[in-house]
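*Asks:* build me a model from this:
(one chain, ligands or ions: 1)
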Amino acid sequence: MDWSLLEKIGVAAQPHALLSDYTTFRLGGPCPALLTCQTPLQLEQTISHLSRNALPFILIGGGSNLVVSDDGVDCYIIRYYTPTPLIQQDHSRLTVSGSTLLDHLAEFAAENGLEGLTCVTGIPGTVGGAVAGNAGAFGRQVSDTLESVHLIDKKGHKKEACGNDLQFSYRDSILKRTDEMVLWARFSLKPSDIVRLKQERQDILKLRREKHPDLTAHPSAGSIFRNIEPTSRAQKRQAAGWFLEQAGAKRLRCGGAVIFDKHANIIVKGNGCRAQEVYDLAQKMRESVQEKFNLDLVREVRFVGRFDGMPQDIKEIIW
Ligand SMILES: Cc1cc2nc3c(=O)[nH]c(=O)nc-3n(C[C@H](O)[C@H](O)[C@H](O)COP(=O)(O)OP(=O)(O)OC[C@H]3O[C@@H](n4cnc5c(N)ncnc54)[C@H](O)[C@@H]3O)c2cc1C
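*Replies:* Alright, predicted model coming up:
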């Protein structure tokens, strides 16, 4: 495939790229080509190019919620990601590209005395990935302050939607089912005290350093399973990590895939770890909770590509 048209507008094309270089788990085999788009215009043009040539693709952001198969994928990968924040401020509204890192947005908001995004401080990945998965922490999530988004579908059709149209729920939005992608997002925040916001940010970063794996030493994709939705018996959302700990999951391992010692819901990449071993360990974790509590844990991470043991009726590339 000739990528020169896209390269002229600044899209970086890497044929046969290894997905392990673009995921925080540092796992995953090759794809036919990986196309990195930093700006909404680059993303629009890349999607039209692939769509015109009937080339299948999937979009990733920071790759921080993905486990990619060791065999890789047979479709193109668009990586919508920029290390340079693309943020426009209009009083207390921030309009940001889906490719901007979520933590860069949280930092910008705090430094400009705007409240509403401090809770997402330190969450890896992009704004687009965070909107699609309604990322959050401390009982708050991006949907709380999201006003509207500019979306594009796989054929290149664009539309604007308000936050309410995205059917947000805990770690979920309709975007996971429609395959529409976030070009831009607009957040409506509240003016607040800069010094307090910056302090809150530092406190959260410290807490995350203590509780979460340092990705350079322990690659991972964060929590494997979602927390448990409230039932009539328990009105609060319950931590999946608690159930896993009680079920003895911390003793489990599969080859190089091991459970993070500080958190039973996180798998980290040990020596020689393969993506298949992460898949197998996640199955074992789920079974341990099923056996002890008769409870079905729901995955939060997305498995991309084919894995042994995956149900035959799963046809999608991202599961
Ligand atoms: C150490 C660690 C800690 C974490 N802590 C948290 C936490 O506290 N809270 C939390 O919610 N998550 C957490 N996560 C998980 C992860 O960071 C979030 O889910 C994040 O929002 C994923 O964004 P991403 O850009 O990396 O998406 P990716 O992993 O690249 O993709 C995830 C999904 O989002 C879709 N997507 C990506 N970009 C777009 C876009 N522009 N438009 C539409 N869809 C898109 C992809 O197609 C894919 O289906 C953690 C992960 C790690 C590794």
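*Asks:* CA only for contacts and neighbour counts going forward, please
*Replies:* Fine.
*Asks:* can you show me the strands along the stretch 151-300 of the chain?
*Replies:* Here the stretch 151-300 of the chain has its strands, by DSSP state E, counting those that start in this stretch, at 158-162, 181-188, 190-191, 220-223, 253-254, 257-259, 266-269.
*Asks:* can you list contacts of the fourth one?
*Replies:* To tie it back to what came earlier, the one meant is strand 220-223. 24-26, 64-67, 212-213, 265-269, 300-301 (Cα atoms under 8 Å, 6 or more residues apart in numbering).
*Asks:* go on, stretch 96-105?
*Replies:* 37-40, 61-62, 80-88, 117, 120-130, 182-186.
*Asks:* which residues of the protein lie near the ligand?
*Replies:* 24, 59-66, 98, 123-126, 128-130, 132-133, 135-137, 180-182, 212-213, 220-222 (Cα under 6 Å from any ligand atom).
*Asks:* let's see that with 5 Å instead.
*Replies:* 59-66, 98, 123-126, 128-130, 132, 135-137, 181-182, 221-222 (Cα under 5 Å from any ligand atom).
*Asks:* ok, back up a step: which of the contacts of stretch 96-105 are buried?
*Replies:* Burial by neighbour count, 16 or more other Cα atoms under 10 Å: within the contacts of stretch 96-105 this picks out 37-40, 61-62, 80-82, 85-87, 117, 120-130, 182-186.
*Asks:* these in strands, which ones?
*Replies:* 37, 80, 87, 182, 183, 184, 185, 186 (DSSP state E).
*Asks:* give the contact list for the third one.
*Replies:* Taking Cα under 8 Å, 6+ apart as the criterion, residue 87 is in contact with 94, 95, 96, 97, 100, 105.
*Asks:* now those residues in a markdown table, with distance to residue 5, pLDDT and neighbour count?
*Replies:* Listed next are those as a markdown table, based on distance: Cα to Cα, whole Å; pLDDT from 0 to 100; neighbours: other Cα atoms under 10 Å:
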| residue | distance to residue 5 | pLDDT | neighbour count |
| --- | --- | --- | --- |
| 94 | 32 | 98 | 20 |
| 95 | 28 | 98 | 20 |
| 96 | 26 | 98 | 24 |
| 97 | 22 | 98 | 27 |
| 100 | 24 | 98 | 27 |
| 105 | 31 | 98 | 24 |
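*Asks:* biggest separation within those residues, which pair?
*Replies:* By the measure Cα to Cα, 94 and 100 form the most distant pair in the contacts of residue 87, at 12.1 Å.
*Asks:* list the contacts of the strand or helix carrying residue 132.
*Replies:* For residue 132, the host element (DSSP states H and E) is helix 127-133. Residues lying outside helix 127-133 but in contact with it, judged by Cα under 8 Å, 6+ apart, are 60-62, 96-102, 105, 136, 142-143, 171-176, 181-185.
*Asks:* which residues touch the residue lying closest to residue 182 once chain neighbours are set aside?
*Replies:* Of all residues not flanking residue 182 in the chain, residue 151 sits nearest, at 4.7 Å (Cα to Cα, 6 or more residues apart in numbering). The contact partners of residue 151, taken as Cα under 8 Å, 6+ apart, are 158, 159, 160, 161, 180, 181, 182, 183, 184.
*Asks:* now the fifth one: closest residue in space that isn't a chain neighbour?
*Replies:* Same thing as residue 180. Per Cα to Cα, 6+ apart, closest to residue 180 is residue 153, 4.5 Å.
*Asks:* quick check: that neighbour touching residue 179?
*Replies:* Yes. Residue 153 lies in contact with residue 179 (Cα atoms under 8 Å); the separation is 6.7 Å.
*Asks:* what pLDDT does the nearest residue to residue 144 once chain neighbours are set aside get?
*Replies:* Once flanking residues are discounted, residue 144 sits nearest to residue 116: 7.8 Å by Cα to Cα, 6+ apart. On pLDDT, residue 116 comes in at 97.
*Asks:* just to revisit the earlier point, got TSV for the ones in strands among the buried ones among the contacts of stretch 96-105, with distance to residue 200 and pLDDT too?
*Replies:* Formatted as TSV, those follow (distance: Cα to Cα, whole Å; pLDDT from 0 to 100):
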residue	distance to residue 200	pLDDT
37	32	98
80	29	98
87	21	98
182	28	98
183	29	98
184	26	98
185	24	98
186	23	98
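*Asks:* Throw those residues into CSV and include distance to residue 14, thanks.
*Replies:* Converted to CSV, those look like this (distance: Cα to Cα, whole Å):
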residue, distance to residue 14
37, 12
80, 14
87, 27
182, 23
183, 22
184, 25
185, 27
186, 31
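*Asks:* out of these, which one sits closest to residue 49?
*Replies:* residue 37 (12.8 Å).
*Asks:* which residues in the stretch 1-150 of the chain form strands?
*Replies:* With DSSP E, counting those that start in this stretch as the criterion, the stretch 1-150 of the chain has strands spanning 12-15, 33-37, 57-60, 66-68, 76-80, 87-90, 93-97, 114-115, 136-137, 140-141, 146-152.
*Asks:* that'll do, ta.
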